[in-house]
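Student: okay, here's the prediction I keep looking at, along with the sequence it came from:
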Amino acid sequence: MNPDAFRALGLLVALASSMPCPAASPGLPPAGAKPPVAGASAATPGGTNRPAGTARAASASAVEPLSIPLRLSMGAEAVLRQFGTPRSDNRSFGGGLTYPEFRVMFSAKGDEIWSVTLMAPVRLACGLGPGDPMEKVRQRFPGGRTVYDAYEVESGQYALSFAGADGRVSTISLRPTGRRFEDPEGGGKPKPAALSATSKSLAGRWIDPKNGQTLDLRADGSYRTGVGGSGRFTIEGDRLAFTGALAAWDGGRATLTQPDVIEFYWTAASGSKNYFAFLRSREQPQP
């Protein structure tokens, strides 16, 4: 496998009580298989893939700005410029950056945060942070659900998971409720134009950087996976629709998020987030 593909990936979790708060990748599936659930260390980086609660607070100001200069709309290079050398950098192995106060995972290109895990002494905009009583979290963010040792709840664009021990918050994990974190101060900044492609322009070998599985796209609109799955695909702008084996992932819906990156991202009925990416490879498909 092209080693550049490994370095390109930062696949792809999560944050603070003085003011009141408003209320990975698995291998390709055979045809007909159920979509795999993202795991703790890869597909749901830095945290667990537990279902989030359905409660939504009225304002995102309960979360950002954080008590440290970390904006959830940053990319990997911006984080490195702001915080300097990390304690560990595992992006080459599909991991992320670890600092004393937080761990962060990125999208395939490293230009978007996929998830963040915050440790003490970091606090949310509303003042909550690690060390606070879990009961205070439930009061500030009502309507969530407790799953295993974590309290899960949504607030605007943020899916929060408050992990607890002995009745107190130990870490706060954060993921976007949508495709990505938006800059809350971005205002009217124009969004980049959507990419457009054809089956001919996408033809070639694509690789899942997590495990090296291949996806060969052909100019005639057919494809074959490295484990023998096959089917067809159609393209409309930056949106792809796959039949056959890859239909197991969100009905086969994918997005060309960068010229050389195809991403599958969806929320399961349980509330769990699923994310898999394929990067264009220099390797040529086998005939």
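Tutor: Arrived safely. Numbers count the residues shown, from 1 in each chain.
Student: in this protein, which spans are helices?
Tutor: Counting by DSSP state H, the chain has helices at residues 3-8, 76-83, 134-140, 199-202.
Student: any chance of the ones you listed in TSV, plus mean pLDDT?
Tutor: Below are the helices of the chain laid out as TSV (pLDDT from 0 to 100):
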stretch	mean pLDDT
helix 3-8	40
helix 76-83	92
helix 134-140	94
helix 199-202	92
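Student: got TSV for those helices, with mean neighbour count and distance to Ser170 too?
Tutor: Just so you know, the C-beta spots here come from the backbone N, C-alpha and C atoms, and that holds for glycine as well. Shown next, in TSV, are these (neighbours: other Cβ atoms under 10 Å; distance: least, Cβ to Cβ, whole Å):
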stretch	mean neighbour count	distance to Ser170
helix 3-8	16	31
helix 76-83	16	22
helix 134-140	17	10
helix 199-202	16	44
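Student: nearest to Arg224, out of these?
Tutor: helix 199-202 (13.8 Å; Cβ to Cβ).
Student: list the contacts of that closest one.
Tutor: Residues from elsewhere that reach helix 199-202, judged by Cβ atoms under 8 Å, 6 or more residues apart in numbering: Leu217, Arg218, Ala219, Asp220, Gly221, Phe233, Thr234, Ile235, Leu256, Ile262.
Student: for the fourth one, which non-adjacent residue is spatially closest?
Tutor: This means Asp220. Excluding the flanking residues, the one nearest Asp220 by Cβ to Cβ, 6 or more residues apart in numbering is Ser199, at 7.0 Å.
Student: what about stretch 118-131, how long is it end to end?
Tutor: End-to-end distance of stretch 118-131 (Cα to Cα, to the nearest Å): 12 Å.
Student: can you pull the buried residues of that stretch?
Tutor: For stretch 118-131, burial by neighbour count (16 or more other Cβ atoms under 10 Å) applies to Leu118, Met119, Ala120, Val122, Arg123, Leu124, Ala125, Cys126, Gly127, Leu128, Gly129, Pro130.
Student: name the residues of stretch 169-179 that come out as buried.
Tutor: Val169, Ser170, Thr171, Ile172, Ser173, Leu174, Arg175, Pro176, Thr177.
Student: beta partners for the third one?
Tutor: Using DSSP bridges, the bridge partners assigned to Thr171 are Ala163.
Student: that one contacts Val116, doesn't it?
Tutor: No: Thr171 is beyond contact range of Val116, at 10.1 Å (criterion: Cβ atoms under 8 Å).
Student: stretch 86-103: which residues count as buried?
Tutor: Applying 16+ other Cβ under 10 Å to stretch 86-103 flags Pro86, Asn90, Arg91, Gly94, Gly95, Gly96, Leu97, Thr98, Tyr99, Glu101, Phe102, Arg103 as buried.
Student: and the two most separated of those?
Tutor: Among those, Gly94 and Glu101 lie farthest apart (Cβ to Cβ), at 22.5 Å.
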